[in-house]
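pasting the sequence and the predicted coordinates here, then a few questions.
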Amino acid sequence: MTLFDTHPPSAPVVLASGAVWLDGFALPVADRICQQLSAHFVSRPPQQMMTPMGYPMSVKTTSMGDWGWVGTTQGYGYSAIEPATGLAWPAMTPDILQLAANAAAAAGYQAFVPDSCLINQYAVGTKMGLHQDKDEQDFSQPIVSVSLGLPATFLFGGPRRSDRPVKIPLVHGDVVVWGGASRRFYHGVATIRPGMHPLLGAQRINLTLRKAR
Ligand SMILES: O=C(O)CCC(=O)C(=O)O
Ligand SMILES: [Mn+2]
């Protein structure tokens, strides 16, 4: 099922209990955040993490904050150190922290203070399979997911992998927040189609903000 044939919807869209799509919520700060990301990429270029099965993930990732999400053949989890450089992750920028708190509040989650910002870089032709975010310690905290650059079809399912996902057409500046009853719902991203974004070119960038510890 496709939720909407045309973008944008007129108001925040409830996707499931505890899950909200905030259309264009990040637009006022998107330019600034894109500049901050390109500065971050100079010293911390996104890397292909590994799956436990020993395959490289198609999406490249880097992080900001106290904890960075890492994938190795030993498994998935959070690390205070970037594996490629042996360095601590740079702090989250104030703009990103504020956007996360504001989006969470708009979705009904007050006082959200993430300690991890995973930055996913999708080239054309890459995707992210259905999965649950379950490496965090406190599932009472929501997830804030910011989309920048090329459009993507976000797949938002249910508590079981077999639950049929809804297809959400995300564009630059959209934010999805999920928590509460849907905190561990399966989700993923369909293959990114060719295109050219005026600010970011032929890529999509996703920020996934979480409280890891
Ligand atoms: O790119 C997205 O929109 C989702 C990313 C995601 O689910 C993840 O990194 O866990
Ligand atoms: Mn996820």
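All right, it came through fine. Numbers count the residues shown, from 1 in each chain. Ligands and ions are numbered 1, 2, ... in the order given.

ok, residue 118 - contacts?
For residue 118, the contact set (Cβ atoms under 8 Å, 6 or more residues apart in numbering) comprises 61, 63, 68, 69, 207, 208, 209, 210. Every residue, glycine included, has its C-beta placed from N, CA and C.

how about residue 59?
Residues near residue 59 by Cβ under 8 Å, 6+ apart: 48, 120, 121, 122, 126, 127, 128.

sec struct for residue 103, please.
Counting by DSSP: H, G, I helix; E, B strand; the rest coil, the backbone at residue 103 sits in helix.

related to what we said a few turns ago, out of the contacts of residue 59, list just those in strands.
The strands, defined by DSSP state E, take in 48, 120, 121, 122, 128 from those.

please list which of those residues also come close to ligand 1.
When contact is defined as Cβ under 6 Å from any ligand atom, those meet ligand 1 at 120, 128.

nearest to residue 25, of the ones in strands among the contacts of residue 59?
Among the ones in strands among the contacts of residue 59, residue 120 lies closest to residue 25 (Cβ to Cβ), at 18.1 Å.

wait, the closest one touches residue 208, no?
Yes - contact criterion Cβ atoms under 8 Å: residue 120 and residue 208 qualify, at 6.7 Å.

ok, so what distance separates the residue of the chain most remote from its centre from residue 80?
The C-alpha centroid of the chain is most remote from residue 86, which lies 23.6 Å away (Cα atoms, centre = their mean). For residue 86, the distance to residue 80 equals 11 Å [Cβ to Cβ, to the nearest Å].

what is in contact with the two at once?
Residues touching both residue 86 and residue 80 by Cβ under 8 Å, 6+ apart: none at all.
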